[in-house]
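**Q** Below are the sequence and a predicted model for it; my questions follow.
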Amino acid sequence: MLGWQLLSLAGVVPSANAFSHQDGIDPFWIQVKETTNFSISRSVKAGLPQILAYQWGEDTPIELPKTIWKELEKLLFAYCEQEIGKPLQSVKFLNSII
């Protein structure tokens, strides 16, 4: 969750406000699909704005199915690796202990 919010703050991912106004969202999803080679589910597209708009300290949790969280995690790692241009060491480490 925090990873997506940090990418949004850095300007790599549109802001929650952009998602709520559908401002530049389609080109973003096209770019993500092209750079990661992942097909992105409608559920992920619907869930990401909730994550970006989440205010830390709120008492209300974001309730998404486990499959959506997994898809968002895989997409985040793949997108970050493409943007950075090299493998994420933390992901390599986590995969080595699984």
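**A** Received, thanks.
**Q** Next secondary structure element downstream of the helix or strand Ser43 falls within?
**A** If you go by DSSP states H and E, Ser43 is part of helix 42-53. Next in sequence after helix 42-53, counting helices and strands by DSSP H and E, comes helix 66-84.
**Q** quick one: that following helix to chain centroid distance?
**A** Relative to its parent chain, helix 66-84 has a centroid offset of 6 Å by CA atoms, centre = their mean, to the nearest Å.
**Q** Quick check: buried residues in it?
**A** Residues Ile68, Glu71, Leu72, Leu75, Leu76, Phe77, Ala78, Tyr79, Cys80 are the ones in helix 66-84 that count as buried (16 or more other CB atoms under 10 Å). Where you see a C-beta, it was placed from the backbone N, CA and C, and this is true even at glycine.
**Q** could the residues you listed go into JSON lines alongside pLDDT and distance to Gln31?
**A** Output for the buried residues of helix 66-84, formatted as JSON lines (pLDDT from 0 to 100; distance: CB to CB, whole Å):
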{"residue": "Ile68", "pLDDT": "93", "distance to Gln31": "20"}
{"residue": "Glu71", "pLDDT": "93", "distance to Gln31": "17"}
{"residue": "Leu72", "pLDDT": "92", "distance to Gln31": "16"}
{"residue": "Leu75", "pLDDT": "92", "distance to Gln31": "12"}
{"residue": "Leu76", "pLDDT": "90", "distance to Gln31": "14"}
{"residue": "Phe77", "pLDDT": "88", "distance to Gln31": "16"}
{"residue": "Ala78", "pLDDT": "89", "distance to Gln31": "12"}
{"residue": "Tyr79", "pLDDT": "88", "distance to Gln31": "9"}
{"residue": "Cys80", "pLDDT": "86", "distance to Gln31": "13"}
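**Q** Which one of those is nearest to Ile51?
**A** Checking those against Ile51 with CB to CB, the nearest one is Leu72 at 7.3 Å.
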